[in-house]
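# Here is a sequence with its predicted model. Questions after.
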Amino acid sequence: MQFRDIVGQNEVKKHLLRTVQENRISHAQLFLGPEGSGSLPIALAYAQYISCQNRQVDDSCGECASCRKYQKLIHPDLHFSYPFFAKHKEDTALTFLNAWREAFLANPYLGLDEWRSQLDAENKQANINIAECHQIIQKLSLKPFESEYKVLIMWLPEYLDKEGNTLLKIIEEPPQKTLFLLVAQNQDQILNTILSRTQLVKVNRLTDEDIRDYLVKTHHVDAGRAMQIAYLSDGNLQTARNLYREDANNNFELFSNWLRLCFGNKVSQLTDYVETLAKMGRENQKDFLRYGIHFIRECILILSGAEKLVRLPSAEREVAINFSAKVLKLNQADAIISELEKAHYHIERNANPKILFLDVSLQLIKILKFNTLRQTADSIILQ
Ligand SMILES: [Zn+2]
């Protein structure tokens, strides 16, 4: 995790960089920020920066041996502790390390609910138990293997049992070159004894503009819709990603059904369908069209033999592969994209959506049918 991967939070980044450059790294720090603000990835980017062998002014290099191990969360001097759902009293965070790596790498902004769903924990109580505290003490008593510093990142110390006090001594007088980075959401729920021994790094909720820019840049969401999502997300990037995913799911349903009707030349059903599309509102229509363009572009990758590069969730991917294998040809894909782009242009300029979507539907029928006819003709000639 590098600082450049973190959404927003420029002040915190600057502050942390300064502590390293001025050699004022405090050995126990509490990163306090609401869920989805990025406090966990920030703590990790900080640890990676400290450990980097080729530190740049404003970020770790991302390429040295240390960075490469950090990026996979497999550096021997990087330890994680987090709440888990113990099945046995001797379970520790290590028992769940593979699941943790997978969950974090898939989504560094994950919240406890998502982590719980990864672990299939049902209604069990999450906690950081006494066995884990003992293991932390043991791990940190070892000398660093490869780096100057050993780092322990503890996510959600709110879930430390009261036995967490076992850690006080090691937090207060840690072995040399040991860093405790605690990443918490609720100051009130942390053991006071631990709170008083850490230096606070406050991480604010993300601004609406940060979330909007992230959605526009990373997911190509229209700026207007991105702002709506940002507003609903209340500074939580995880919520924003979920809302965006819901949009994408709806668009996938709508778009794949539309394609099926056009390919099947179902004109009467299409008339009803156009009514549905026309009622969605302009922003959603633009989103829908952009999704369609994205989907067909992914089909082009498949048609060009670059299936590995396709970035679609599995259900969508399957439909794209099927559609590309059975129906779509490259020239059709290009023609469809050009129709969708034209439609997007006209929707932005307040075209009547009903007339527009009906017209685009007829164009898609033509594009898909024309080629199908030609394929049939080709196969007759070839016979
Ligand atoms: Zn590096």
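Sure thing, it's come through. Numbers count the residues shown, from 1 in each chain.

# contacts, neighbours, all on C-alpha from now
Fine.

# what does stretch 206-213 contact?
With contacts defined as CA atoms under 8 Å, 6 or more residues apart in numbering, stretch 206-213 is touched by 7-9, 37, 223, 226-227, 229-231, 234-237, 240.

# burial count for Lys69?
By other CA atoms under 10 Å, 17 other residues sit near Lys69.

# would you list every one of the strands in the stretch 51-200 of the chain?
78-81, 150-155, 178-184, 199-202 (DSSP state E, counting those that start in this stretch).

# for the ones you listed, which one sits closest to the ion?
strand 78-81 (14.2 Å; CA to the ion).

# Flag every buried residue along stretch 168-179.
For stretch 168-179, the neighbour count (16 or more other CA atoms under 10 Å) marks Ile170, Ile171, Pro174, Pro175, Thr178, Leu179 as buried.

# How far off centre is it?
33 Å (CA atoms, centre = their mean, to the nearest Å).

# same thing with stretch 2-14?
16 Å.

# Is any residue of that stretch near the ion?
No. Counting by CA under 5 Å from the ion, the ion is not contacted by stretch 2-14; separation bottoms out at 9.4 Å.

# which residues touch that stretch?
Residues outside stretch 2-14 that contact it (CA under 8 Å, 6+ apart) are 38, 41-42, 45-46, 48-49, 58-60, 62, 201-204, 206-207, 210-211, 214.

# rewinding a little: looking at the contacts of stretch 206-213, spot the one nearest the ion.
Using CA to the ion, Val7 comes nearest to the ion of those, at 20.2 Å.

# Get me the contact residues on this structure for the ion.
Cys52, Gln53, Asn54, Ser60, Cys61, Gly62, Cys64, Cys67.

# how deep is Ile336 tucked in, by neighbour count?
Ile336 has 21 nearby residues by other CA under 10 Å.

# Offset the numbering so it begins at 43, please.
Fine by me, first position is 43 from now on; the one you just mentioned is Ile378.

# right, and it touches Ile409 too?
Yes. If you go by CA atoms under 8 Å, Ile378 and Ile409 touch, sitting 7.4 Å apart.

# just the buried members of the contacts of stretch 248-255?
49-51, 79, 268-269, 271-273, 276-279, 282.

# which residues touch Met196?
Phe122, Ser123, Tyr124, Phe222, Leu223, Leu224, Val225.

# what's the most distant pair in the residues you listed?
Distances among the contacts of Met196 were taken as CA to CA; the most separated pair is Tyr124 and Phe222, at 13.1 Å.

# Neighbour count: these two, which is higher?
Tyr124 (27 against 22).

# That one and the ion, how far apart?
25 Å (CA to the ion, to the nearest Å).

# thought that residue was touching Glu200?
No. Using CA under 8 Å, Tyr124 and Glu200 do not qualify as a contacting pair, with a distance of 9.9 Å.

# Same list, the strands of the stretch 93-242 of the chain, but as a markdown table with mean pLDDT please.
Shown next, in a markdown table, are the strands of the stretch 93-242 of the chain (pLDDT from 0 to 100):
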| stretch | mean pLDDT |
| --- | --- |
| strand 120-123 | 96 |
| strand 192-197 | 96 |
| strand 220-226 | 95 |
| strand 241-244 | 96 |
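
# Many thanks, have a good one.
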